[in-house]
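> structure for this input, please:
(chains A and B)
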Amino acid sequence: MRVFAGLLLLAGVALLIRSTALSVLAARGVIVDVLAFVTVVWALRWGESQGSTFGFVLGLAADLDAAHWLGRHALALALVGYGIGRLSRALVRGNPATQFMLLFAATVAHQAWALALELGGVAGWRFLLGHMVVSGLVTALLGVLVLALVSLGSGRSLFSRAAIETTPRT
Amino acid sequence: MGGFLPPAERRSGVLLGLYATLALLLLLTGDRIPQAGLRGAGAWLFAPFDRLVLVVDRLGAAWRENERLHERITRLELEAARLRQAGVENLRLRDSLGLPAYRALTLRPAEVLALAGEPVPASATLSAGASQGVNVGDAVVTSDGLVGRVGEVYAGLSRVILLTDPNSAVACEVESTGVQGVLRFFASPRPQLLLTGVPMADTLRVGQLVLTSGLSLRYPRGLPVGRVERLARDLNGLTHEIEIAPAARLSRLRHAYVVPGPVRPGAEAGR
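Model prediction:
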């Protein structure tokens, strides 16, 4: 129940930030992919099942906010949540370099899929590529900074209680 | 394959498959699903939070806007005082010359219900008609300038002939110069408003304001019509070809005001 409430709260806050503060930045060409960021954080902390569920719910809410392509963000973020959740078992999740790489990869994947649908293909691939790299770098840098600040503020690692979803093989 | 995976992994795989299938289904059929209600509910739900988050931004913007408006009010008050003096002086001078005094315009607000005409709208339907005191021949303006004149009046509606109707003609003058001409719309070679009948001897500049002239039988004097956008020599070489950019945005009309046409001596009984 607590996890479910946390899921809803984080999704709501992410959508709120996206539609207010970050939309001002986006209008100036700097997209901070807060959807990919919170999906990565959730998947790193809770594993692949929770990660994909969170990604799907958050993506669906973001899709409803847009005028068309219902399911676009839901699919990409569910896959991102699942992938990061699976990878999280084999990685040192508290390491800033790891977080940077995961955030960069997740943002690039999410932006590539969302923008390719929005632009109707990959005809403008130069624009797509530049846009993906810039938003990947900005999101990863800011994300690592936010995670470090949260860890500093709370006095413990955000990922110390990560769920282990696998059962030991016998 | 599923049998080789532990239950937790199988569960997460099934979940992902379910989400992916759902998302793909939505991608394929989402446009046919009515989403307006959901979006409305979402907007209603998030509106208070949006306001809360934006309050700082809005406060900053309001502060800056307040400063700008204060400065503008001061400038306009000074200008209004100067214009009041000039107005009194003008009245006295017109009186001494035996000229009739200007009368204030009466504005009747109306909603623009529809625009008709391709590619440039040529007529508009207003939400005010005979019941609201609208008459054929009344001028129609927006806060930007002249839109056209009322061509047909029904009980609660009226039809406006816009400046961009090929049959429309407006007697105009260029501000502060006394240069007179007739504004007409030409659809070819490209849609444009031209001020016709201005001799080459008259000097004009791009950007000058064009107003309705006192010679007009249909329109009150001094309504902004547009600005000189381009100057060229007419084909006959005797007159200017003056392209005018309309002051009112004729393709984006939402609200307009009906101005009763000029009352001429002897026309009172006919109205």
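> below-threshold pLDDT in the stretch 101-250 of chain B: ranges please.
Low-confidence segments of the stretch 101-250 of chain B, defined by pLDDT under 70: B:102, B:117-119.
> now it against chain A: closest residue?
Closest contact between the stretch 101-250 of chain B and chain A, by CB to the nearest CB, is at residue B:249 (23.5 Å). Every residue, glycine included, has its C-beta placed from N, CA and C.
> need the single longest helix in the chain, by residues.
Picked chain A for this. The longest helix of chain A (DSSP state H) is helix A:125-154.
> actually chain B
Longest helix of chain B, by residue count under DSSP H: helix B:36-97.
> just how off-centre is that one within its chain?
Relative to its chain's centre, helix B:36-97 lies at 18 Å (CA atoms, centre = their mean, to the nearest Å).
> report the rounded mean pLDDT for it.
Helix B:36-97 comes out with an average pLDDT of 82.
> please name every helix or strand in contact with the following helix or strand past that helix.
For helix B:36-97, the following helix or strand on the C-terminal side (DSSP states H and E) is strand B:108-116. Contacting strand B:108-116 under the criterion 3 or more CB pairs under 8 Å, 6 or more residues apart in numbering or on different chains; DSSP states H and E are the following elements: strand B:123-126, strand B:255-259.
> shaky segments in chain A?
For chain A, the stretches with pLDDT under 70 are A:20-21, A:23-29, A:66-68, A:118-124, A:160-170.
> quick one on the thing from earlier: closest to residue B:90 out of the helices and strands packed on strand B:108-116?
Among the helices and strands packed on strand B:108-116, strand B:255-259 comes nearest to residue B:90, with 20.8 Å by CB to CB.
> helices or strands next to that closest one in the packing?
strand B:108-116, strand B:123-126, strand B:139-141.
> so the residue of the stretch 101-250 of chain B closest to chain A sits in a helix?
No - using DSSP: H, G, I helix; E, B strand; the rest coil, the assignment for residue B:249 is coil, not a helix.
> for it, what are its contacts?
Applying CB atoms under 8 Å, 6 or more residues apart in numbering or on different chains to residue B:249 gives the contacts B:142, B:144.
> and it, its phi and psi?
Note on residue B:249: backbone dihedrals following degrees, to the nearest 10 are phi -80, psi 100.
> do residue B:150 as well
The phi and psi values for residue B:150, taken as degrees, to the nearest 10, are phi -70, psi 130.
> which residue comes closest to it once chain neighbours are left out?
Excluding its sequence neighbours, the residue lying closest to residue B:150 (CB to CB, 6 or more residues apart in numbering or on different chains) is residue B:138, at 4.6 Å.
> burial count for the one you found?
Using other CB atoms under 10 Å in any protein chain shown, the number of residues around residue B:138 comes to 24.
> residue closest to the middle of chain A?
Nearest to the mean C-alpha position of chain A, by CA atoms, centre = their mean, lies residue A:36 at 1.8 Å.
> who in chain B is up against chain A?
Taking CB under 8 Å from any CB of the partner chain as the measure of proximity, chain B contacts chain A at B:6-9, B:11-12, B:15-16, B:19-20, B:22-27, B:30-31, B:33, B:35, B:38-39, B:42, B:46, B:49-50, B:53-54, B:57.
> so what's the residue nearest to residue B:116 when sequence neighbours are not counted bridging to?
Computed as CB to CB, 6+ apart, the closest residue to residue B:116 that is not its neighbour in sequence is residue B:123, at 5.0 Å. Counting by DSSP bridges, residue B:123 is bridged to residue B:116, residue B:161.
> how about the contacts made by residue B:123?
By CB under 8 Å, 6+ apart, the residues touching residue B:123 are B:115-117, B:148, B:151, B:159-162, B:165.
> pull the most distant pair out of these.
Spatial extent of the contacts of residue B:123 (CB to CB) is set by the pair B:115 and B:151 at 14.0 Å.
> count the residues that sit near the residue lying closest to residue B:154 once chain neighbours are set aside.
Nearest residue to residue B:154, sequence neighbours excluded (CB to CB, 6+ apart): residue B:129, at 4.8 Å. Around residue B:129 there are 21 other residues, counting by other CB under 10 Å.
> also the one 4 residues further on?
Residues within reach of residue B:133, counting by other CB under 10 Å, total 13.
> contacting residues for it?
residue B:108.
> quick check on it: phi, psi?
When read as degrees, to the nearest 10, the backbone of residue B:133 gives phi 90, psi 20.
> that one and residue B:156: what is the separation?
Taking CB to CB, to the nearest Å as the measure, residue B:133 falls 12 Å from residue B:156.
> let me know the angle separating the strand or helix carrying residue A:37 from helix A:125-154.
For residue A:37, the element it lies in under DSSP H and E is helix A:34-46. Per axes from the mean of the first three to the mean of the last three CA atoms, to 10 degrees, the angle that helix A:34-46 makes with helix A:125-154 is 50 degrees.
> and helix A:34-46, what does it pack against?
helix A:2-19, helix A:48-65, helix A:72-88, helix A:96-119, helix A:125-154.
> now the ones you listed in JSON lines, with mean neighbour count and distance to residue B:184?
Shown next, in JSON lines, are the helices and strands packed on helix A:34-46 (neighbours: other CB atoms under 10 Å in any protein chain shown; distance: least, CB to CB, whole Å):
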{"stretch": "helix A:2-19", "mean neighbour count": "16", "distance to residue B:184": "49"}
{"stretch": "helix A:48-65", "mean neighbour count": "25", "distance to residue B:184": "48"}
{"stretch": "helix A:72-88", "mean neighbour count": "27", "distance to residue B:184": "51"}
{"stretch": "helix A:96-119", "mean neighbour count": "20", "distance to residue B:184": "44"}
{"stretch": "helix A:125-154", "mean neighbour count": "16", "distance to residue B:184": "45"}
